[in-house]
Each structure stands twice: as C-alpha cells, then as structure tokens.
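> make a model of this:
(one chain, ligands or ions: 2)
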Amino acid sequence: MAHSTRVVGIDSSTQSTKAVLVDAADGTVLAQRSAPHPDGTSVDPRHWLKACDDALGDWLGEAAAVAVAGQQHGMVALDADGEPVHDALLWNDTRSADAAVDLVAEMGGPQECAAAVGSVLVASFTASKLRWLRDHRPEAADRTTQVLLPHDYVSWHLAARRTGPFTDRGDASGTGYFDARTSAWREDLAAAALGHEVALPRVVADGAAAYEGSVVVAGGTGDNMGAALGLGLAAGDVVVSIGTSGVASAIAETPVADGTGSVTGFADATGRYLPMATTMNAAGILDLQARLLGVDHAELGRLALAAPPGANGVTLSPYYGGERTPDRPHAVGVWDGLRPSTTREDLARAAVEALLCSLADAVDLLRSRVGGALLAGRSGGDGDGRLLLIGGAARNPAVRALAPAILGMPVHVPPSAEYVALGAARQAAWALSGAVDPPTWEAKGAEVLEADPTPAVREAYADLRDRTGAWTRPERTS
Ligand SMILES: Nc1ncnc2c1ncn2[C@@H]1O[C@H](COP(=O)(O)OP(=O)(O)O)[C@@H](O)[C@H]1O
Ligand SMILES: O=C(CO)[C@@H](O)[C@H](O)COP(=O)(O)O
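Ligands and ions are numbered 1, 2, ... in the order given. The predicted structure follows:
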C-alpha cells in the first residue's frame, strides 16, 4: 500500500544518536530509535557513523529525505584520504582552555573576537581545539587537510561521500572561524588556529538540499539549532535544554556580540540568530548523584522531593567537569553545608536545585544580553514568550516540580519527544519541498507547570558560586 512521504531526522549528540521517521506532511513521528556513543570528551568520530547506521536501520529505503543535527563544535580533523588524524575533541573537552585564551588575545581581545565571529572563544570552540592540536599533536596537525563538525561528518557519510563535505550557517557559527552576519568562513582564522591553511566544508543555504541521490540529504545543523526548528520556537520564547549540556537559547533577528563571553552569538537554521548561554554540567549532575546514592533516576527524584526547599542548608557548586558558564574550565564540584544531620534526601535535593540554579543563571544571562521581549510577558512587561523545558533530564519528576519554583516562572514542558531529531526531520522535509520556508507542523500542547518561587534557593547557590569563583585546580598537563 502506498504511504505518505516520509523523512528522517537524526540527532547525533553527545551521548547517543537518535533517529526519527516522520510523516513529511504533518510532522507525525512514526517511529524512533537510538544507538549509544562511547563515553568521554574525545571520541573516534567513526563511532558516530556506526551509531547512525544502527539507529537508521533500513529507514532510508522508505524515506525521501534525511538531515542530521549534531552536537556543536567538535573537531573532526581529517587527512587527505578523509580519515581522522586524531580523536574528535568534543565541546566539553577543556584541554583547549589555554588555546582559547591565546586565540582571543591574538584577535585583539574579547570584544574584537565577539565582533569577528559572534562569540568570545572558550575551550568548547572548534578553533580552540585546532590550536590545541597544533600545540600538542603537531604531527596530526600537519596531516590535517580538512576540518568538519560532527554533523558534517555524519551527513557526508549519508551522502556516501558522493559530494564534497557540507555544513550550514547554524553549526558553522560555533567554529570560531565563521562570520554569521555574512555567512562566510574566515579561512584566515582557521589557518591561524591550526598553523596552516585547511579546507572547510561548503555552506549549504538554509533549507536547501546538499545532495540529491536516492534520498535528498539536507544541509543539517547544530543540535541546538535543530531543537529550535523542532519546537517551532517563536520570538520571545526561551528554550532550556537539559542534556549533557545545559542550554538557554532564543531566536533573535539581529546578531549578538557579547564581549563578556556569557552569551554566544550563534546563527540559527532559518536565516536568523540563536544566542545561547551553555553550561557543561547538566544531566550529568544527576547521573553522578544517582550513582553516588546508589539509586536510579526515579528514586533520585523521589528522594529530592522528600527534602524541603534549600535541602536543609546543603548547597552544591556543580561544576564537576570544569565549567563554561561561568567560565571556569578548571573548576571542580564543591559541596557546602553538610552536617551530622544531613540526609540522602538533602543530597538529592541539593543536586537537583544546583542543576536548576545553574540553568536559571543561564536564562538570566541570556535575557540580560538579548534584552527586548524575551519572556517579557512573564516579567510584567509587554509581549509573550514561553519558557520551554526539554532534554533527557527534563523527564525527571523532581526537575519538573522544582523548575518553575527556581526559574521563577511557569515552565512549559512539550510532549516527550526527540526535538533535535524532529527539527532535523523538518529541515529534511523543507529541503524536499524546495519552499522558501520550513513546513508548518502543528505543535502539540505543552504541559504548563507552576509553583511558588523559591528565591532563597538561588541566593544560597549564588553565594557558594561566588565564594568558589577564585578556586581552580592544578592545570592539566596534556
Ligand atoms: N528520568 C531522568 N532523570 C534524570 N536524568 C535523566 C532521565 N532520563 C534521562 N536522563 C539523562 O539525560 C541525559 C541524556 O539526555 P539527552 O538530551 O539525550 O542528552 P544528549 O543530547 O546530550 O546526548 C543522560 O545523562 C541521562 O542519564
Ligand atoms: O556546546 C554546546 C553548545 O554551544 C552543546 O550544547 C553541544 O551542542 C552539545 O549538546 P548536547 O549533546 O548536550 O545536546
């Protein structure tokens, strides 16, 4: 029996590949599958190709188009045969922190850097990783002839390498060598980072087909740009994503060039911009807490909800793996307020509160830099704007219950779905249609969560955050 036109969207993110098979007419998800990625902050990128193939199975045989949204920034450095010269350093690998400091200085300082490439470089950016490669693995740097982002590498695989590598404006804007205002590479900055000239992928126009074989392959994008497409993010909305990273992002019509580095001025996948504040420690805070307490996520949530707001004075600075917002690449986690009476419930509660306070900081930073009408209706101003909560850890009942209290406003939780992969599918359908705009897929109603604000929890968190600001651990040696 003939079926409707189908498209596939892929989210190749930090911990796994998720794929969705979608009806191109209305965005109905017909099936979804996932495959895990290896742990760690540097990975042989060929694992992502296998995970993609595993998650896809035979879907490309029945789909008309596919697109990939991938974890941003990762460095996929390839030799003349298109093979990796080194493991890909991921966005959360902080080895490149010193390289970022050097590059920002070479560009004339933070404001000049933000003016050139939209963001102040930190360890996460591809440019910083290229400089690390030059300084610490010179032989691999010498053999590098082209540099791709994770989504470019997977998309090229899906096009069976029958065309040259390609990317899009959204993901390119996270490299540190791309000017989103002109949609042009800054080859000079890539060369300065790596130490020699290097080939960069073709930038596909938003919504265009990159390759037309038995299936159309769209340009793809970064995972956060994919989420914005999948959610149909509207002006004034802020999305908070709790995956491996914690992200507060919003659509903007004009570029942001924040010289403080708190907000990165990325492009989105529709010709606009996607300013973001990103934390490196997010769902992992709860993963570690569950492991330390010897419980699963459901029990962690139950324990957290059994303790009072403020966790009987226990607070956590949750920057376990170094942090980016605030910029503390060498930070470690710090607990405070432990007493003989402290319970497992208090520890669980403090972990959930710390996660949400770090995200509340990110939302505040985003609002302060983007200004205008973001969430305006929620703070007594004109306009509307929803705060949407997505990502793996948003499934946790304690996260849901405490989010409106700590974020201080109603929180909209859309129906559980892989929004990054759905956004990629929407881009695939867009490329297939050849239309000027992405297809309109009606969003299903969100659950709106409300709670009385608990500002004292944020104050206690901010106090510990600020007290630990000057602490660093010894520099890493490699
Ligand atoms: N019920 C839950 N409670 C807390 N964390 C959860 C829950 N379900 C999934 N997670 C966490 O969410 C994370 C995966 O989220 P996801 O958005 O898929 O991440 P990423 O896109 O970075 O790979 C994992 O760290 C996982 O342990
Ligand atoms: O570095 C950033 C954004 O700048 C991260 O948001 C990565 O894009 C990884 O995303 P997840 O795997 O956590 O979704």
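
> thought His47 was touching Asp39?
No - distance between His47 and Asp39: 10.8 Å, which falls outside the contact criterion (Cβ atoms under 8 Å). C-beta here means a position set from N, CA and C on the backbone, and glycine is covered the same way.

> who has more neighbours, the two?
His47 (16 against 8; other Cβ atoms under 10 Å).

> can you pull the contacts of whichever residue of the chain sits closest to ligand 1?
Closest contact between the chain and ligand 1, by Cβ to the nearest ligand atom, is at Gly392 (2.1 Å). Contact analysis of Gly392 by Cβ atoms under 8 Å, 6 or more residues apart in numbering lists Gln15, Ile242, Gly243, Ala283.

> out of those residues, which two sit at the greatest distance?
Taking Cβ to Cβ as the measure, the contacts of Gly392 span a maximum distance of 12.5 Å, between Gln15 and Ile242.

> higher neighbour count, these two?
Of the pair Gln15 and Ile242, Ile242 is the one with more neighbours under other Cβ under 10 Å, namely 25 against 17.

> mind listing the residues bridging to the more buried one?
Gly246 (DSSP bridges).

> let me know the pLDDT of it.
Ile242 carries a pLDDT score of 98 in this model.

> of the contacts of Gly392, closest to ligand 2?
Gly243 (3.5 Å).

> skipping its backbone neighbours, what lies nearest that closest one in space?
Gly391 (4.2 Å; Cβ to Cβ, 6 or more residues apart in numbering).

> tell me the contacts of that neighbour?
So Gly391 contacts Val240, Ser241, Ile242, Gly243, Ala282, Ala283 (Cβ under 8 Å, 6+ apart).

> just say helix, strand or coil for Trp430.
helix (DSSP: H, G, I helix; E, B strand; the rest coil).

> that one contacts Gly220, correct?
No - applying Cβ under 8 Å as the test, Trp430 and Gly220 come out as separate, 11.8 Å apart.

> hang on, Met225 in a helix?
Yes - Met225 sits within a helix when classified using three-state DSSP.

> residues contacting it?
Ala69, Asp168, Gly170, Asp171, Phe266, Ala267, Asp268, Ala269, Leu274, Gly423.

> apply 6 Å and report the result again.
Contacts of Met225 were listed using Cβ atoms under 6 Å, 6 or more residues apart in numbering, and they are Gly170, Asp268, Ala269, Leu274.

> just flag the most distant two among these.
Ala269 and Leu274 (8.2 Å).

> could you give me the buried positions within the longest helix along the chain?
Using DSSP state H, we find that the single longest helix of the chain is helix 344-370. Buried residues in helix 344-370, defined by neighbour count with 16 or more other Cβ atoms under 10 Å: 344-367, 369-370.

> and the next element down the chain from it?
strand 387-390 (DSSP states H and E).

> and stretch 467-474, what's its mean pLDDT?
pLDDT averaged over stretch 467-474 gives 72.

> ok, what's across the strand from Ser317?
Under the criterion used here (DSSP bridges), Ser317 is bridged to Val334.

> tally of neighbours for it?
Counted by other Cβ under 10 Å, the residues lying close to Ser317 total 26.

> residues contacting it?
Val334, Leu464, Arg465, Thr468.

> for the third one, which three-state class applies?
Three-state secondary structure (criterion: three-state DSSP) places Arg465 in helix.

> that one: neighbouring residues, count only.
22.

> same check on the last one?
Residues lying near Thr468 (other Cβ under 10 Å) number 18.

> got it, and Arg339?
10.

> report how many residues lie close to the residue lying closest to it once chain neighbours are set aside.
Spatial nearest neighbour of Arg339, chain neighbours left out: Gly313 (7.1 Å); criterion: Cβ to Cβ, 6+ apart. By other Cβ under 10 Å, 14 other residues sit near Gly313.

> and ligand 1, which of the contacts of Ser317 reach it?
With Cβ under 6 Å from any ligand atom as the criterion, the subset of the contacts of Ser317 in contact with ligand 1 is empty.

> could I get those residues as CSV with distance to ligand 2?
Output for the contacts of Ser317, formatted as CSV (distance: Cβ to the nearest ligand atom, whole Å):
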residue, distance to ligand 2
Val334, 23
Leu464, 24
Arg465, 20
Thr468, 23
